[in-house]
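# Pasted the sequence and its predicted model underneath.
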Amino acid sequence: MAAILIMSFIETILDGKFQSLYLMEWRPHTNGFQSKWKMTMARCLVTGHKGYIGSRLFKRLKEMGHEVMGIDQKTDPSHDIIVDLAEGGDGKFHPHYYNFQPEYIFHLACWPRIGYSLEKPVETMQNNVLAGSILLNFAKKCGSVKRVIYSSSSSVVGNGAGPTNPYALQKYATELEMNIYAGVFDLDTVSLRYFNVYSEDQSATGPYATVVAHWLYSLEHGIEPYITGDGEQRRDMVHVDDVVSANIFAMEHDDAFNGAVFDIGTGDNVSLNELKDLVLEHHPDLNFNYVAPRPGEVASTTADVEPLQELGWSAEISIQQGMRSCFSS
């Protein structure tokens with residue numbers, strides 16, 4: 001809007017040969033800019049916008065100039081998808097969200113802890129699966145939504161035979177429902193399966209905490225870091241900036257996804273021992289303690305990145321670059 005007002009102002013104040021010059025030489029370029037500007041700005045709803053990944057995505061969308069609204073249980077007052085996006089008995093929705101008429105919905109909200117899902121399988125099923133159902137119904141009834149972009153997890157694969165815990169099952173159930181809405185209701189959806197997401201500012205106590213976050217915490221507090229098992233378990237580590245980038249790509253992609261599922265990772269994996277060696281390059285005196293392995297821990301994870309690479313997206317931050325940014329200071 002600002003660009004359009006500026007151009008109108010220029011046309012108003014210019015006259016004579018200067019206005020003619022503007023109309024002949026400059027106007028075609030400003031028209032193109034205005035057209036592109038109007039096309040790229042969108043109304044985006046981000047669920048879980050106060051979380052580790054959601055907060056970064058929310059900020060990035062804002063920086064890009066999009067109109068962004070969030071919904072999160074962590075806000076004050078708290079806003080819950082199950083309550084605030086639910087369809088009322090009269091067929092109406094909460095006006096605050098419905099009248100926003102989102103064009104793109106990024107669904108990141110969930111309770112992402114495997115341990116908690118084992119302790120509270122019913123509660124997490126309601127929060128993680130029912131919330132997804134309510135959100136999809138809201139998206140269908142809004143009439144404005146072009147695409148729903150769902151944050152899933154590589155945990156749905158388990159050891160290759162499918163989910164092995166309630167959290168993974170819950171993520172998989174919503175993937176399936178996303179696909180159904182794409183096929184039955186013609187609502188374009190895409191699910192992004194995140195692998196091991198990390199960054200230099202990741203909280204060691206948060207639900208997404210990786211070994212990188214725990215090691216950073218140990219360094220900061222003078223605690224001896226530990227490695228579970230023999231350290232040969234391998235993980236596909238993807239930087240949070242790349243995860244945000246994948247979400248933006250999924251929004252901007254021209255063709256319909258039709259409920260497709262994509263892995264979000266680097267396509268390579270690294271053992272905990274190899275990660276340790278990268279840390280020792282910056283902290284050579286650090287000693288690592290090997291402790292008992294976790295029961296049921298997956299031996300190796302690797303994202304299948306080729307399908308998304310063929311569409312034009314790939315991770316840009318290598319594990320060497322990422323570990324340098326985490327441990328070099």
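Yep, it's here. These figures come from a predicted structure and were not determined experimentally. Residues are numbered from 1 along each chain as shown.

# roughly how far apart are the nearest residue to residue 86 once chain neighbours are set aside and residue 326?
Of all residues not flanking residue 86 in the chain, residue 134 sits nearest, at 5.2 Å (Cβ to Cβ, 6 or more residues apart in numbering). C-beta here means a position set from N, CA and C on the backbone, and glycine is covered the same way. In this structure, residue 134 lies at 37 Å from residue 326, with Cβ to Cβ, to the nearest Å as the measure.

# The two: who's more crowded?
Ranked by neighbour count (other Cβ atoms under 10 Å), residue 134 and residue 326 place residue 326 first, with 22 against 18.

# That one belongs to a strand?
No. Read with DSSP: H, G, I helix; E, B strand; the rest coil, residue 326 is helix and lies in no strand.

# Who's the closest spatial neighbour of it, skipping the chain neighbours?
Excluding its sequence neighbours, the residue lying closest to residue 326 (Cβ to Cβ, 6+ apart) is residue 200, at 4.4 Å.

# Going along the chain, name the strands of the stretch 1-150 of the chain.
With DSSP state E, counting those that start in this stretch as the criterion, the stretch 1-150 of the chain has strands at 43-47, 67-71, 104-107, 147-153.

# Among those strands, which comes closest to residue 213?
Minimum separation from residue 213 across these (Cβ to Cβ) falls at strand 147-153, 16.8 Å.

# what angle separates the closest one from strand 43-47?
Relative orientation of strand 147-153 and strand 43-47, computed by axes from the mean of the first three to the mean of the last three Cα atoms, to 10 degrees: 30 degrees.

# What residues of strand 147-153 count as buried?
Buried residues in strand 147-153, defined by neighbour count with 16 or more other Cβ atoms under 10 Å: 147, 148, 149, 150, 151, 152, 153.

# Now do it: distance to the chain's middle.
8 Å (Cα atoms, centre = their mean, to the nearest Å).

# Tell me the strands beside it, with direction?
According to DSSP bridges, strand 147-153 forms sheet pairs with strand 104-107 (parallel), strand 189-194 (parallel).

# after it, next one along is what?
helix 166-184 (DSSP states H and E).

# As TSV, the strands of the stretch 1-150 of the chain with distance to residue 299 and mean pLDDT would be great.
Listed next are the strands of the stretch 1-150 of the chain as TSV, based on distance: least, Cβ to Cβ, whole Å; pLDDT from 0 to 100:
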stretch	distance to residue 299	mean pLDDT
strand 43-47	33	98
strand 67-71	37	98
strand 104-107	30	98
strand 147-153	17	98
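
# Redo the ones you listed as a markdown table? Include distance to residue 213.
Below are the strands of the stretch 1-150 of the chain laid out as a markdown table (distance: least, Cβ to Cβ, whole Å):
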| stretch | distance to residue 213 |
| --- | --- |
| strand 43-47 | 23 |
| strand 67-71 | 24 |
| strand 104-107 | 23 |
| strand 147-153 | 17 |
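
# Just tell me which of these ends up closest to residue 281.
strand 147-153 (30.3 Å).

# quick one: the strands in the stretch 151-300 of the chain?
Counting by DSSP E, counting those that start in this stretch, the strands of the stretch 151-300 of the chain are 189-194, 196-198, 226-228, 234-235, 237-239, 260-264, 270-271, 289-291.

# now what about the fifth one, what contacts it?
Surrounding strand 237-239, the residues in contact under the criterion Cβ atoms under 8 Å, 6 or more residues apart in numbering are 194-199, 210, 212, 264-266, 269-270, 275, 303, 315, 317, 319, 322.

# Same check on stretch 320-329?
By Cβ under 8 Å, 6+ apart, the list of residues contacting stretch 320-329 reads 198-200, 212, 215-216, 219, 237, 239, 275, 278-279, 281-283.

# Which of the residues in that stretch are classified as buried?
Residues of stretch 320-329 classed as buried: 322, 323, 324, 326, 327 (neighbour count, 16+ other Cβ under 10 Å).

# Tell me how far the third one lies from residue 308.
By that I understand residue 324. Noted for residue 324: a distance of 25 Å to residue 308, by Cβ to Cβ.
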